[in-house]
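A.B. asks: Generate coordinates for the sequence data below:
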Amino acid sequence: MRRTRYVAPARDAVDRRVFARAPLMQWHDYRDWLEGTHWPRIDALNARWPGGVREHFVAQTRALLDDGLHYEERIAQQGLIATREANWHDLFNAMIWLRYPQLKRSLNRRQVAEVARVGPRERSRPQCAQTHFDEAGAIVVLRDASLLALWDAHDWHGLFWRHRDAWSTGAISVALFGHALLEHALTPDKLLVGKAIVVLSDAAAGDDGAIGCCAQAIAQERLLRDPLELRPLPLSGIPGWHPDNGEESFHLCTPCYQPLREGRVYPAPLRLS
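C.D. replies: Now for the predicted structure:
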């Protein structure tokens, strides 16, 4: 069955409650762009870059696209990030670039290398993995290795209910990277599922170290070689991410909780000490 393409609500039709709930509440440093009456202009996006950065956002116009470059090639060669104005998807992409530039640059280098290898009209397994992560990616930092067995088995009731406190104590934390996930979060009660990379970390290491570890592994071609490297993570099970997940019944029968497919095995996580 063909999936229906998601269409984000118009700016003035967004239910304001979504901005007070994860994941969008975690982006309050861009609150004026998200909750303001008017769309931010391209100049406003570029004003948020730190000094000395090569990349900048440019309006996606027909004249720009006529240069014949692939979207990723344009970024790599000229530092130009084509951005549709008054568009939720591209606004969230800009926010991801501003928060996680190291990850975005590593991903861009890999994507450009694949375009050069297979051509602009073909899609390789690495490109599929890179796109999945770019659109729906999450970096999960685990400081309690025992939780990984629950995830491996798709024991969602165990991961999100029996060990519910792990999500508030720091035993497990999530850094959202996929800009399509942020766009989908504009719709109240939409069930979100991320494509996750897992980092095992000790208690002293912060999330920034885990993000840097992922960026390095991507740049070194140790990650995102195949879509099967990515683990599904039903983000709506995390406390505070869905209004109904405070009830045990949510974790027993919600559609985003899929059973483990026969023969499916996940790769070992990255390790950060």
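A.B. asks: And the contacts of the helix or strand that contains Ala196?
C.D. replies: Ala196 is part of strand 193-201 when elements are defined by DSSP states H and E. If you take CB atoms under 8 Å, 6 or more residues apart in numbering as the criterion, strand 193-201 is touched by 132-133, 136-143, 145, 148, 151, 174, 176, 178, 181, 209-210, 213-214, 223, 227, 229-236, 256, 269-273. To be clear about C-beta, it is placed using only N, CA and C from the backbone, and glycine gets the same treatment.
A.B. asks: Name the strands paired with it and say parallel or antiparallel.
C.D. replies: If you go by DSSP bridges, strand 193-201 pairs up with strand 137-142 (parallel), strand 231-234 (antiparallel), strand 270-272 (parallel).
A.B. asks: So for the helix or strand just after it, what gets flagged as buried?
C.D. replies: Scanning forward in sequence from strand 193-201 by DSSP H and E, the next helix or strand is helix 207-219. Residues Asp207, Gly209, Ala210, Ile211, Gly212, Cys213, Cys214, Ala215, Ala217, Ile218, Ala219 are the ones in helix 207-219 that count as buried (16 or more other CB atoms under 10 Å).
A.B. asks: and if you look at stretch 155-166?
C.D. replies: Asp155, Trp156, His157, Gly158, Leu159, Phe160, Trp161, His163, Arg164, Ala166.
A.B. asks: Can you report how many residues neighbour the closest residue to the fourth one other than its chain neighbours?
C.D. replies: Distances taken as CB to CB, 6 or more residues apart in numbering put Leu150 closest to Gly158, at 4.3 Å, once the chain neighbours are dropped. The burial metric for Leu150, expressed as a neighbour count using other CB atoms under 10 Å, is 17.
A.B. asks: Look up how far Val7 lies from Leu150.
C.D. replies: 35 Å (CB to CB, to the nearest Å).
A.B. asks: Next: Leu181.
C.D. replies: 16 Å.
A.B. asks: higher neighbour count, the two?
C.D. replies: Neighbour count, other CB under 10 Å: between Leu181 and Val7, Leu181 has more, with 22 against 9.
A.B. asks: That one is in contact with Leu191, isn't it?
C.D. replies: No: with contact defined as CB atoms under 8 Å, Leu181 does not reach Leu191; the gap is 11.2 Å.
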